[in-house]
Each structure stands twice: as C-alpha cells, then as structure tokens.
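1. Any chance you could fold what I've pasted below:
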Amino acid sequence: MSPTKVVIIVLILIGLIFVVFIARGAFRDEKPASDQSTAAKTRPPDWTKTIKGLFKSFQPSLELKQSVYTTNVDETIKPDPKHPFRTAKFHRSLTSGPATITFKPIGGSPLKDMKDPQVCDLPQTEDGVEDRDRCSIVAFKLGGTLEFRCTGNVPCRVTVEKD
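-> The predicted model follows:
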C-alpha cells in the first residue's frame, strides 16, 4: 500500500469516530449539572469593578439641591445640553423606612428600553439585585422632575452618593 492510501484510511477512521461521538452526544437525554445553573446566580469578577472605577470620572453626576432626603420632596432637574445622560445614585440607611424615588423626564424617555417614568423603590424587591438599599436614576439632557417619597410608617433617610 502506498503512503497516500494509508493516510486516507486513517482520516476516514478518524472521521467515523468523530461522527459516532457526535451522534452519541446528540441523542443523550440527561444534561450535566453545570448546564442547570442560571446567569442570574453568577456574579461578575471583581476586576470589572476596577474598570468601572477607572471610567467614573467620565460619567457626569446629577447635581441635586440636597444630599440627604428625609421628607417628601419634588426637585426640578435643570436641562444640560452638554451631558445627554447624568446619573444620581441613592443609598437608604439600614434603619430607615422604605422610600420611592421617581424621575419624570421632560418630553419622555429618549430610550426605548428605559421605563418612563423611572421608579426606584428602596429597599428594592426585584430578584438578582446585589444591594437592595442602593439604586440609581438617569436624567436626560432636557431635565425633568425628581420626586422623593417616604412610603412607610417609619421615617426614611436616603443619601445621595458622591463619586
């Protein structure tokens, strides 16, 4: 036999073995335990927080009149044509009662996927939230109205986080 015929026979055998293993895996009913985990249960690696910290200086923050909210307040957010998106981050004290923060943008939300108005309930009740006592609101360049409400019988205290 010539060396070319030997190589062709070996390649055909490798191909047949490959097809057998693929067919066997395709008709298997049971799934490995690693496939049963969901993405919601996994957390991003810590180095992603470091990268986020590097770019914080480029993200404009929302300037508010108060740094701490303890009563019902309506605050007007002024337009800012230089910054299309400005972020305000809020933190509820552990001993504080529940609060609701609502941002109603002027002219509605320019983003299809963002709720209009944006509502932030503290403590948060959604699944998969890492810290239930923190939330953020994104204000758009046209401005809007920020409504802060204490929603429980216990006095509330929410602090605006400074970057």
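2. Count the residues that sit near residue 93.
-> 16 (other Cβ atoms under 10 Å). Placement of C-beta: from N, CA and C, glycine included.
3. Tell me the pLDDT of the most centrally placed residue in the chain.
-> Central residue of the chain (Cα atoms, centre = their mean): residue 129, 8.5 Å from the mean position. Here, the pLDDT recorded for residue 129 equals 77.
4. Which residue, other than its chain neighbours, is closest to residue 136?
-> Leaving out its chain neighbours, the residue that sits closest to residue 136 by Cβ to Cβ, 6 or more residues apart in numbering is residue 89, at 4.6 Å.
5. does the one you found really touch residue 161, like I thought?
-> Yes - at 4.1 Å, residue 89 and residue 161 qualify as touching, with contact defined as Cβ atoms under 8 Å.
6. quick one: the residue nearest to the centre of the chain from residue 135, how far?
-> Residue 129 sits 9 Å away from residue 135, going by Cβ to Cβ, to the nearest Å.
7. Can you name the next helix or strand after the least confident helix or strand in the chain by mean pLDDT?
-> Lowest mean confidence among the helices and strands of the chain (mean pLDDT, DSSP states H and E): helix 47-54, at a mean of 65. Next helix or strand after helix 47-54 toward the C-terminus (DSSP states H and E): strand 68-69.
8. what is in contact with residue 89 and residue 161 at once?
-> residue 134 (Cβ atoms under 8 Å, 6 or more residues apart in numbering).
9. pLDDT on the lengthiest helix in the chain, on average?
-> In terms of residue count, the longest helix belonging to the chain (DSSP state H) is helix 3-26. Per-residue pLDDT over helix 3-26 has a mean of 91.
10. Show me how far that helix is from its chain's centre.
-> Centroid separation for helix 3-26 versus its chain: 47 Å, with Cα atoms, centre = their mean, to the nearest Å.
11. sorry, back to before: correct me if wrong, but the residue nearest to the centre of the chain is in a helix.
-> No - applying DSSP: H, G, I helix; E, B strand; the rest coil, one finds residue 129 to be coil, outside a helix.
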